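A.B. asks: got a predicted structure here, sequence first:
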Amino acid sequence: MAKRVGIITSGGDAPGMNAAVRAVTRHGIFLGYQIIGINRGFKGFLNGEFINLTSRSVSGIINVGGTILHTGRCPETKTRTGMSKAVKAINELDLGGLIIIGGDGSLAAGYALSKQGVKVINIAASIDNDIYGTDETIGYDTALNTAVEAIDKIRDTATSHDRIFIVEIMGRKHGFLTADVGLAAGCEFIVVPEMKVDINRLAAELKKGKERGKTSEIIAFAEGCGSSAEFGKKIEKLTDLEVRVSTLGYIQRGGRPTARTRILASRFGHYAMDLFHNGKANVLVGITDGALSAMPIHQAIKHEKKFDGQTFEVLRTLSV
Ligand code: F6P
């Protein structure tokens, strides 16, 4: 009988998760494994929601956002009882290993399971791109493009009305997505949790921009910096200019994955199965300096990804 490997998507969905599920399933079957899909993240795992994945059941999904396995946030994975239940399910299903596709919460769950003797391979997927051990996560490029396209549209109305816009971008407590969106969308300013902002100076710069003939100015504002609505009110008061706030929200999580996301997801999924087949486990699959990488989970979990402040330097002269 073929050895069994489980696959689960967990935490916030990210475009490209499906492409990774497809790659793990098809390459896994090629290598002689039976692939068991776990539905609805760890919640589904604990409720016994499993399906047998075949090459055909992952047809037509490479171009589809979200995850066919569904996902969810499961606080129970943070408890001893939750983890014991998961290990029990793994043993009952006779899984030789588990491929977990997700972000930092999934990495924590992977780490906890690996400490209980489960062979785990985490695949980095999150629109936030905030995972240490990979330069890029599955879904990031798609979310980046979605947000940039949205700001291009906002710029039309901002210019027409001579308004200042604060655009709130996802990223939980990090500003990786916001910084890249800000640069790619030609925003005048970026506000992220990693860098302290002097609101009085920012307001003065906005006024100077208007004096220099700018009709509109856009600030890319990371959700991790607090209320964008409050920030907008303060800016309006300090500048006496007309300000609008727009929260991009969950559109950043959906949509057709870009080619770059699909390629990354396919390569990550393929590599994860190769690693497993060669006896490697308890690693995070990612990309480092252009090459596929497998960092031990215990190492990845210990560090915070470093924020590169250079984007600010670039913006300083490009946004005048
Ligand atoms: O981690 C992805 C993400 O979309 C973050 O950017 C955001 O803060 C969070 O998930 C939203 O979480 P939820 O799906 O639980 O509302």
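C.D. replies: Now that the structure is in, tell me what you want to look at.
A.B. asks: closest residue of the stretch 1-150 of the chain to the ligand?
C.D. replies: residue 12 (3.4 Å; Cβ to the nearest ligand atom). Where you see a C-beta, it was placed from the backbone N, CA and C, and this is true even at glycine.
A.B. asks: and if you look at the stretch 101-250 of the chain?
C.D. replies: residue 170 (3.4 Å).
A.B. asks: tell me the contacts of that residue?
C.D. replies: 127-128, 143, 177, 223, 248-249, 252-253 (Cβ atoms under 8 Å, 6 or more residues apart in numbering).
A.B. asks: go again with 7 Å.
C.D. replies: Residues in contact with residue 170 (Cβ atoms under 7 Å, 6 or more residues apart in numbering) are 127-128, 177, 223, 252.
A.B. asks: and it, how far from residue 228?
C.D. replies: 12 Å (Cβ to Cβ, to the nearest Å).
A.B. asks: which residues in the stretch 201-320 of the chain form helices?
C.D. replies: 228-239, 259-277, 297-302, 310-318 (DSSP state H, counting those that start in this stretch).
A.B. asks: counting contacts, what elements does the longest one pack onto?
C.D. replies: When contacts are defined as 3 or more Cβ pairs under 7 Å, 6 or more residues apart in numbering; DSSP states H and E, helix 259-277 sits against helix 17-30, strand 120-124, helix 140-161, strand 283-288, strand 291-296.
A.B. asks: run the last query once more with 8 Å
C.D. replies: helix 17-30, strand 95-102, strand 120-124, helix 140-161, strand 283-288, strand 291-296 (3 or more Cβ pairs under 8 Å, 6 or more residues apart in numbering; DSSP states H and E).
A.B. asks: just say which of these is most tucked in.
C.D. replies: Comparing the helices and strands packed on helix 259-277 by mean neighbour count (mean count of other Cβ atoms under 10 Å), strand 120-124 comes out on top with a mean of 31.
A.B. asks: what's in contact with that one?
C.D. replies: Contacts for strand 120-124 (Cβ under 8 Å, 6+ apart): 20, 24, 97-103, 106-107, 110-111, 113-114, 131, 133-134, 137-138, 268-269, 272, 275-276, 280-286, 297, 300.
A.B. asks: returning to that earlier point: helix or strand: which one has the residue of the stretch 1-150 of the chain closest to the ligand?
C.D. replies: In the assignment (DSSP states H and E), residue 12 maps to no helix and no strand.
A.B. asks: wait, it touches residue 71, no?
C.D. replies: Yes - using Cβ atoms under 8 Å, residue 12 is in contact with residue 71, at 7.4 Å.
A.B. asks: need the residues touching each of the two.
C.D. replies: Taking Cβ under 8 Å, 6+ apart as the criterion, residue 12 and residue 71 both touch residue 102.
A.B. asks: those two: who's more crowded?
C.D. replies: Per other Cβ atoms under 10 Å, whichever of residue 12 and residue 71 has more neighbours is residue 71, with 25 against 22.
A.B. asks: got a list of what the more buried one touches?
C.D. replies: 9-13, 17, 40-41, 102.
A.B. asks: let me have those residues in CSV, adding distance to residue 158 and pLDDT as columns.
C.D. replies: Shown next, in CSV, are the contacts of residue 71 (distance: Cβ to Cβ, whole Å; pLDDT from 0 to 100):
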residue, distance to residue 158, pLDDT
9, 37, 98
10, 38, 97
11, 33, 96
12, 29, 97
13, 30, 98
17, 33, 98
40, 40, 97
41, 38, 96
102, 35, 98
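A.B. asks: so which of these comes closest to residue 48?
C.D. replies: residue 40 (10.7 Å; Cβ to Cβ).
A.B. asks: my guess is the closest one contacts residue 72. True?
C.D. replies: Yes - judged on Cβ under 8 Å, residue 40 makes contact with residue 72 at a distance of 5.2 Å.
A.B. asks: so between the two, which is more surrounded?
C.D. replies: The residue with more neighbours, out of residue 40 and residue 72, is residue 40; 19 against 16, by other Cβ under 10 Å.
A.B. asks: setting aside sequence neighbours, what's the nearest residue to that one?
C.D. replies: residue 70 (4.6 Å; Cβ to Cβ, 6 or more residues apart in numbering).
A.B. asks: and for residue 98?
C.D. replies: Nearest one to residue 98, counting by Cβ to Cβ, 6+ apart, is residue 6 at 4.6 Å.
A.B. asks: tell me who's in contact with the residue nearest to residue 40.
C.D. replies: Applying Cβ under 8 Å, 6+ apart, the residues near residue 70 are 9, 39-41, 44.
A.B. asks: roughly how far does the residue of the stretch 101-250 of the chain closest to the ligand sit from residue 229?
C.D. replies: 16 Å.
A.B. asks: next one: residue 145
C.D. replies: Counting by Cβ to Cβ, the gap from residue 145 to residue 229 is 26 Å.
A.B. asks: isn't residue 257 right up against residue 265?
C.D. replies: Yes - using Cβ under 8 Å, residue 257 is in contact with residue 265, at 7.1 Å.
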